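Visitor: quick one, what's the 3D model for this:
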Amino acid sequence: MRLAHTQVCYVCGTQVYPDQWSISKTSHFVDHFKCNGCGRHVCDELHTRRKSEDVHIVREGMRGHRYQYTNRYCQLCSPLHRVGGIRGVASTITIVGTVAAIILFYIKP
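Guide: Below you'll find the predicted structure:
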């Protein structure tokens, strides 16, 4: 009940229900209903612009578990999905700026 106020679409305020389900003992589907670029909750019907799926296989003894994650991107992060959305652009700018500052510091006479 505490999460009911925080798990809403950041655009329209619709309640989202992150879920995980299994079709067998070793196959799991996970959907957090969060934008993979900015981390905010996004509803499925109206504000998810791009959706993809990643499959991760985790070995456990003689058998493995297959986790299928649904990755969503909102309207702001969808054009930037190749670099990781808004967070990816911010981290790239930070790294490039840091490298440029270090280079300028050592070049300065």
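
Visitor: mind checking pLDDT for the residue nearest the centre of the chain?
Guide: Most central in the chain under Cα atoms, centre = their mean is residue 36, positioned 1.8 Å from the mean C-alpha point. At residue 36, the pLDDT value in this model is 91.

Visitor: show me what the closest residue to it other than its chain neighbours bridges to in the sheet.
Guide: Distances taken as Cβ to Cβ, 6 or more residues apart in numbering place residue 71 nearest to residue 36, at 4.4 Å, with adjacent residues excluded. Bear in mind the C-beta positions are built from the backbone N, C-alpha and C, glycine included. As for beta bridges, residue 71 partners with residue 52 under DSSP bridges.

Visitor: what sits against residue 71?
Guide: By Cβ atoms under 8 Å, 6 or more residues apart in numbering, residue 71 lies in contact with 36, 51, 52, 53, 54.
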